[in-house]
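Novice: below is the sequence, then the predicted model.
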Protein chains: 2
Amino acid sequence: MRNVQVELAHAPYDIRIGRNLLDDVAAIVAQLPQKRVAIVSNETVAPLYLPQLQAALEAADVQVHTVVLPDGERFKNWETLNLIFDGLLTARCERKTTLIALGGGVIGDMTGFAAAVYQRGVPFIQIPTTLLAQVDSSVGGKTAINHPLGKNMIGAFYQPRLVLADLATLDTLPAREFSAGMAEVIKYGLIDDLAFFEWLEANIDAVMARDVDALEYLIERCCQNKARVVAADEHEHGQRALLNLGHTFGHAIEAGLGYGVWLHGEAVAAGMVLAALASHALGQISDDDLARIRALLEKAGLPVVSPALGEERYLELMSQDKKVDAGKIKFILLEKLGQSYIGELKTETIKQALAAGCAA
Amino acid sequence: MRNVQVELAHAPYDIRIGRNLLDDVAAIVAQLPQKRVAIVSNETVAPLYLPQLQAALEAADVQVHTVVLPDGERFKNWETLNLIFDGLLTARCERKTTLIALGGGVIGDMTGFAAAVYQRGVPFIQIPTTLLAQVDSSVGGKTAINHPLGKNMIGAFYQPRLVLADLATLDTLPAREFSAGMAEVIKYGLIDDLAFFEWLEANIDAVMARDVDALEYLIERCCQNKARVVAADEHEHGQRALLNLGHTFGHAIEAGLGYGVWLHGEAVAAGMVLAALASHALGQISDDDLARIRALLEKAGLPVVSPALGEERYLELMSQDKKVDAGKIKFILLEKLGQSYIGELKTETIKQALAAGCAA
């Protein structure tokens, strides 16, 4: 078992990483202000892990309510969020009742947002069951739902009291989902951790075979990296934006194809290649760097060519991004491999990257 | 012009109180991180004050978007909130675009909640145009929408950067709405300010005639009282709950009659009488105190008899209140006139108060 502490101004919390954490609920019970929880999961994850978690909690004398949502990014909306509120209100959950998210990023984002706004805020614990959620969305307190006019447009910064990353839950994760999580893993290497990027190049086979030791190290390293960035900039006024490498392009890909066609991580992977191509066009990274980035993403089972949406559509979609300030789009770019910065791009450079990175 | 500073841990802000503040937008402009705002108002208030505010802001070179919502508590729901998000996203409002609430408590609560969650939080300025909003809902950062199963169940604590209480906007306030605001005014006297309660007894005629000097003093005193309580307990873990005097009963009245039948302030007035009756049953306040409370509320044009919903229905409705902890309902009770505390009531005492305070 490894432990990463996230040091935030008001609410430091632990991320516990290891196998079979669901069976040992003492860490959860220690965080409950009231021996009552509502577990939110989805139709895919609930049959696999909810009975086990519920039984363990009930054995510890905790009253458990459950809300099971439909599975998928397309349900990350107000209507589904309201199912959580309906469940909480029908069960008369109170301000001290803790919400537990059991699932991937969508469940974590929605449950976290529900916890942020139900009765103006109730305690929240996260049990991410996908690689993506374990390395990314469970750290940093970003919660949200989508709006028809934009992804993650409605949300809150809200920190969990505890995160349990149980490696055993990855056993049932489909290969495509595992790869999608690897996009965010590789991102940490690219933005400011060259040593980790090189560790990934050397260990990608063990990682893709889901070797337990490799995964435990990988998740810990990603969480440490993200926790450091988030602690320094909880509300994303500055450097935290580096975590969005590939995301401005990636969100455009997701929205342009229609949410759910590509997985978020797949879009981020192709988006990182576009960001790398733009950096390359600015003379900042070499042909060899580009090749290494593409090679690692491909070994992780990720797409490196973006869909042909047309440059005008890309520009339109990106202008709606949250990272727009006074009409200018902020991009995360690579100064070199393992070093990133926040910059702006001329339309010309964006078009150059799109021409080189999109399918014909 | 009077000024009350609300001292919160992270974000102190000013409440400016006076006549014709809408014409002088310098105070607003000084708070804008970007010369761009979205004003949210309703169909009743917008025709009266929106053109004036919009023109003054545009004259100061501020780009103004507007969202005009239907008027009424029954629209304080997700569907209407979404109209704000639709407007903001269609206009491509950004993280630095400031939301301005121009209207009463419903507009303030909804716009504040929209500001709290749009892109995970944007700047917020409040221009309350009712007495209730000026003395109560504009101070303290409570924002929310209703859920079919409960009032204010979905919301956030979110502080404005500035509050402008323009007395001129009260000129057009209907008498019934003015009286509803007086319920919260009288509440401040009852909970911990006997001197103010006595000032109100002595000056109630001038206040009801909307004498400018009386109103300016009254609003300042209420804001000071509330600001002091909120600063000491921003997230309502303790003493802030005193501000809920009359509200547990009052919410039950509102929900039991159907939202919108009685105004919030009317329900709070009758609810405060029920809280006083319960306190009286506990031997804590005298017959004379009860008579003074009823007399002042009646002079303010407020109901002092609660509707006959039946005691079982009252108990059921109150058990759904946000102030429930481990199944026990918290009540704000009077130790004596001008001094309140948080307590619990035996079902027997609640029934006694209902029997004495409800219509036959």
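Specialist: Good, I have the coordinates.
Novice: what about the strands in the stretch 1-150 of chain A?
Specialist: For the stretch 1-150 of chain A, strands defined by DSSP state E, counting those that start in this stretch occupy the ranges A:2-6, A:13-18, A:36-42, A:63-69, A:98-103, A:124-128, A:142-147, A:150-157.
Novice: could you check the angle strand B:150-157 makes with the longest one?
Specialist: What it means is strand A:150-157. 90 degrees (axes from the mean of the first three to the mean of the last three Cα atoms, to 10 degrees).
Novice: in its sheet, what does the following helix or strand past strand A:150-157 sit against?
Specialist: Counting by DSSP states H and E, the next helix or strand C-terminal to strand A:150-157 is strand A:162-166. Pairing partners of strand A:162-166, with direction, according to DSSP bridges: strand A:13-18 (parallel), strand A:124-128 (parallel).
Novice: what residues does the first one touch?
Specialist: Counting by Cβ atoms under 8 Å, 6 or more residues apart in numbering or on different chains, the neighbours of strand A:13-18 from elsewhere in the structure are A:1-6, A:27, A:134, A:138-139, A:159-167, A:216, A:219-220, A:223, A:227. (C-beta placed from N, C-alpha, C; glycine too.)
Novice: for the last one, same thing?
Specialist: Applying Cβ under 8 Å, 6+ apart, the contact partners of strand A:124-128 are A:22, A:28, A:31, A:37, A:53, A:98-105, A:108, A:111-112, A:115-116, A:133-134, A:137-138, A:158-166, A:169.
Novice: likewise stretch A:75-88?
Specialist: Contacts of stretch A:75-88 (Cβ under 8 Å, 6+ apart): A:38, A:40, A:65-67, A:69-70, A:97, A:99, A:106, A:109-111, A:113-114, A:118, A:144-147, A:154, B:78, B:82, B:147, B:149, B:153-154.
Novice: buried subset of the contacts of strand A:13-18?
Specialist: Neighbour counting by 16 or more other Cβ atoms under 10 Å in any protein chain shown classes A:4, A:6, A:134, A:138-139, A:159-167, A:216, A:219-220, A:223, A:227 among the contacts of strand A:13-18 as buried.
Novice: not counting its neighbours along the chain, what's nearest the residue lying farthest from the centre of chain A?
Specialist: Most distant residue from the mean C-alpha position of chain A: A:D61, 32.2 Å away (Cα atoms, centre = their mean). In this structure, A:D61 finds its nearest non-sequential neighbour in A:K35, 5.9 Å apart by Cβ to Cβ, 6 or more residues apart in numbering or on different chains.
Novice: longest single helix anywhere in chain A?
Specialist: helix A:212-232 (DSSP state H).
Novice: do it and chain B meet?
Specialist: No - Helix A:212-232 stays clear of chain B (Cβ under 8 Å from any Cβ of the partner chain), getting no nearer than 13.4 Å.
Novice: ok, back up a step: the residue nearest to A:D61 contacts A:E94, correct?
Specialist: No - assessed by Cβ atoms under 8 Å, A:K35 is found out of contact with A:E94, at 11.9 Å.
Novice: comparing the two, which shows the higher neighbour count?
Specialist: Per other Cβ atoms under 10 Å in any protein chain shown, whichever of A:K35 and A:E94 has more neighbours is A:E94, with 21 against 16.
Novice: so, in contact with chain B or not, stretch A:140-158?
Specialist: Yes - using Cβ under 8 Å from any Cβ, we find that stretch A:140-158 touches chain B at A:K142, A:A144, A:H147, A:L149, A:G150, A:M153, A:I154, A:G155, A:A156, A:F157.
Novice: show me what counts as buried in that stretch.
Specialist: Of the residues in stretch A:140-158, A:140-147, A:150-158 count as buried by neighbour count, 16+ other Cβ under 10 Å.
Novice: quick one: contacts for A:V45?
Specialist: Neighbour list for A:V45: A:D71, A:L102, A:G103, A:G104, A:I107, A:T129, A:T169 [criterion: Cβ under 8 Å, 6+ apart].
Novice: what pLDDT does the fourth one get?
Specialist: Okay, so that is A:G104. In this model, A:G104 is scored at 93, pLDDT.
Novice: just the first one next, same as before
Specialist: Here the pLDDT value assigned to A:D71 is 94.
Novice: pLDDT at the residue lying closest to A:M182 once chain neighbours are set aside, what is it?
Specialist: The shortest distance from A:M182 to any non-neighbouring residue, by Cβ to Cβ, 6+ apart, is to A:A300 (3.8 Å). A:A300 is assigned 97 on the pLDDT scale.
Novice: next, give phi and psi for A:A300.
Specialist: phi -90, psi 0 (degrees, to the nearest 10).
Novice: same check on the one 10 residues further on?
Specialist: Listed backbone geometry of A:G310 is phi 90, psi 140, with angles given as degrees, to the nearest 10.
Novice: what's the answer for A:E234, then?
Specialist: According to degrees, to the nearest 10, A:E234 has phi -60, psi -40.
Novice: for B:T44, see how far away it is.
Specialist: Using Cβ to Cβ, to the nearest Å, A:E234 is found at 39 Å from B:T44.
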